[in-house]
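Turn this into a model:
(chains A and B)
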Amino acid sequence: MKNLKYYRDRYVRRQPSAFCPGCGGGIILNCFVRAIDDLGLDKDKILAVSGIGCSAWIPSPNFNGDTLHTTHGRAIAFATGARTFNPELTTVVFVGDGDGAGIGGNHLIHAARRNIDLTVILVNNMSYAMTGGQIAPTTLHGETTVTSPYGNPESPFDITELVRAAGASYVAKWSTYHVVELTRSIKEAITHKGFSFIEVLSQCPTQQRRIFNLRGPVDSLPPRILDMFAESTVVKDRPDRGGYVYAVPKASPEEALKQIQAMDGVDAKIVDHMRYGRVVRVDGEPLDVVRGKLLELGTVSEVKDHLDGKITLGLFEKKTRPEFTDALREIMRKAGGE
Amino acid sequence: MLEPGRHLALGNVACAEGALRVGCRFFAGYPITPASEISHHIAAEIPRVGGFYVQMEDEIASIASVIGASWAGAKAMTATSGPGYSLMQENIGYAHMTETPLVLVNVQRSGPSTGQATQPGQQDIMQARYGSHGDYEVVAVSPWSVQEMFDLTIRAFNLAETYRTPVMVMADGMIGHMKEGLTVPEKVGVVDRKKPTSKEDMPWGTDDPSGVPPMPAFGEGHALLVTGSTHRPDGVRNYAPEYHQMIVYRIRDKILNAEPKIRDIHTEHLGDAKVAVLSFGASARPSIDAVVKAREQGVKAGLFRLRTLWPLPEEEIRALADSVDAILVVEMNAGKLVKEVERVVCGKAKVASLAKVGGVLPLGREVLEEVRRLAK
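This is a model prediction of the structure:
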């Protein structure tokens, strides 16, 4: 068993990290270095490219290998040049959601279309976090941010669908809660020939506190947001246990919880849900009877099915398709320049 | 590629030929008139010499991938015109801050905005110098013929490698789209970037008086920290004033201190001249005509042509001002270089401007008229 010190000494350039306490960036760095260690890659042949934003700091300066910290949104375009010229470079690009899907959205879809052999990890904290938490192309409709004080009038991209439709040959989505799956997915993405893309929902205790209206002590936020990711997501192709609903309180969740706990045959607890906020998760049988009773309580405004509003995670695409730099080398061979 | 010898060639093709001969092995671009023929020729020829042509999704991506390729060890180039050049500005600043050698050809067209798309202009010369935010010194060359599209593109690569800096080839639509004689030599002089001799060498700091640090490439085990943020000599991001001053002054001074070596001035008939025509690029062609005609008419005129536009050879311009009565600055814009010349000359000689917009060259007789007026 390799301990944290092993990974830190081998792969991490310097401590302390520049991340805010509890940032998801550290988890993603951790998953990345475990993935490259598991794959037994030569660290000197790995190039980590990033743009501008919190995500950019995951590799730069943390990763103790070649790093290229570029301009906002353009990391994939920089990586295209480096990876094309030197095919030996395992090139992993870290972008943010504003960085990768906002200002850099054009480069993202075109790299997917070319199916160039890059691995792109899009760190999605659902806001422009470094600049103060403004709405991003990933912020959910209605959420409150510094630039959407009356609620976000826009709706987010489904980035994995976008990238899949653009032609990426490996597409997955995980969260910083799903570290085992994420590490495995990074390994798959790196070994996959072609454009591989992983979106990672990542916690930002600094900005998501406002976005998701999370009250309570700051120290409690990182694990709470991770729990919220677990609560608000469903993993594709995994058996669905079901057997619970969410009671959305009219006002105070604590008051609703008190009433619900007085009901017979139910287990209830307050959880954070990305879509519905602070709600009471109610386990009980039969669910339609529970649902009816909840609505009669007076403190519950609506009851949501356990899958309602959940974000689907998992593997969305894995296929073989001609890879761009291979095609360039084939052209070179035909032209006699190899 | 063209065989060594004499050819009738398009300016843009000559530019591409020069690039390939000096070792350009990565080109990224986006279609734009009047620069596209550079891409066409590179796309056809670069795979034959083991290089890569990539058509990117826009000009921002073009220069970004060129920078990425340069750090992977390539001699790399992009080519564009006005609107694309504007889009590239942010990453031009990045290339200066990270000291990335590359060549950027701007086959200038008449703006602002879409302007007279495809018609020539020399309106981007100050953008070349100051286009990106922050403080930096740019190196820019200015060809006036098809031959110089070839020669100065080669020189641009060699300057980029020598000083570890982006170099602009500030051509224009007239030179790019003109066909004339081109002599392709058997061999061209090739300069390669200085590589580190040990892992102790700092990629962004040096005691060498040139101010040019050695440049490793990705994949060579240097654990490089390439960043556009203010950084220490080892690349670690640090925003302290002393580090910012250190890097900004070094990337400025390495160019300014080398100005006598980067300097490239073509003069004609200046010996006893009373009126100097100072010009560059396409507008220097009617200028030399006017100088010759003026001489025929007994007016002592001479040509002072900048083949290196930036850094400006201030010392030489001051010396020129000491030796003539008047300097006529001829350019295809609303009057840009003339202000720099006025600043440098500082009243030591009369400075006049013949500046023309409209996508058309100043005519030889227009230049001649001005020369005669100034000679009175």
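
Could you identify the longest helix within chain A?
helix A:25-39 (DSSP state H).

now check the very next helix or strand once past that helix, is it near chain B?
For helix A:25-39, the following helix or strand on the C-terminal side (DSSP states H and E) is strand A:46-50. Yes: Strand A:46-50 reaches chain B (Cβ under 8 Å from any Cβ of the partner chain) through A:47, A:49. The C-beta positions use only the backbone N, C-alpha and C, and glycine is treated the same way.

Determine the angle, from 0 to 180 degrees, between strand A:46-50 and helix A:25-39.
160 degrees (axes from the mean of the first three to the mean of the last three Cα atoms, to 10 degrees).

Are the helix or strand just after strand A:46-50 and chain B in contact anywhere?
The first helix or strand that comes after strand A:46-50 along the chain, using DSSP H and E, is strand A:66-69. Yes: Strand A:66-69 reaches chain B (Cβ under 8 Å from any Cβ) through A:66-69.

I'd like the residues you listed as JSON lines, with neighbour count and distance to residue B:103 appended.
As requested, the residues of strand A:66-69 next to chain B are exported to JSON lines (neighbours: other Cβ atoms under 10 Å in any protein chain shown; distance: Cβ to Cβ, whole Å):
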{"residue": "A:66", "neighbour count": "29", "distance to residue B:103": "23"}
{"residue": "A:67", "neighbour count": "27", "distance to residue B:103": "25"}
{"residue": "A:68", "neighbour count": "29", "distance to residue B:103": "20"}
{"residue": "A:69", "neighbour count": "27", "distance to residue B:103": "23"}
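
In CSV, list those along with distance to residue B:142 and pLDDT.
Formatted as CSV, the residues of strand A:66-69 next to chain B follow (distance: Cβ to Cβ, whole Å; pLDDT from 0 to 100):
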residue, distance to residue B:142, pLDDT
A:66, 36, 98
A:67, 36, 98
A:68, 32, 98
A:69, 33, 98
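
Can you pull the residues of the stretch 51-200 of chain B lying near chain A?
Residues of the stretch 51-200 of chain B lying near chain A (Cβ under 8 Å from any Cβ): B:51-52, B:54, B:56-58, B:60-62, B:64-74, B:76, B:90-91, B:94.

redo that, cut-off 6 Å
Contact residues (Cβ under 6 Å from any Cβ of the partner chain) of the stretch 51-200 of chain B with chain A: B:52, B:57, B:61, B:64-69, B:72, B:74, B:90-91, B:94.

And the furthest pair within the residues you listed?
Farthest pair in these (Cβ to Cβ) is B:52 and B:90. Separation: 23.5 Å.

who has more neighbours, those two?
residue B:52 (24 against 18; other Cβ atoms under 10 Å in any protein chain shown).

Please report phi then psi for the more buried one.
Main-chain torsions, residue B:52, degrees, to the nearest 10: phi -120, psi 130.

residues touching it, list them.
Residue B:52 makes contacts with A:84, A:328, B:26, as judged by Cβ atoms under 6 Å, 6 or more residues apart in numbering or on different chains.

ok, 8 Å please
By Cβ atoms under 8 Å, 6 or more residues apart in numbering or on different chains, the contact set of residue B:52 is A:84-85, A:328, A:332, B:25-27, B:46, B:69.

what's around the residue in the stretch 201-338 of chain A that chain B sits nearest to, how many residues?
Residue nearest to chain B within the stretch 201-338 of chain A: residue A:335 (3.8 Å; Cβ to the nearest Cβ). Neighbourhood size, residue A:335 [other Cβ under 10 Å]: 16.

which strands and helices sit next to the longest helix of chain A?
helix A:4-11, strand A:90-96, strand A:119-124, helix A:179-191 (3 or more Cβ pairs under 8 Å, 6 or more residues apart in numbering or on different chains; DSSP states H and E).

which parts of the following helix or strand past the shortest one are buried?
Following the chain from strand A:119-124 toward its C-terminal end, the next helix or strand by DSSP H and E is helix A:159-166. Along helix A:159-166, the positions that meet the burial threshold by neighbour count (16 or more other Cβ atoms under 10 Å in any protein chain shown) are A:159-160, A:162-164, A:166.

And these, which is closest to chain B?
residue A:166 (11.2 Å).

so the closest one sits right up against residue A:106, yeah?
No: if you go by Cβ atoms under 8 Å, residue A:166 and residue A:106 don't touch, sitting 10.4 Å apart.
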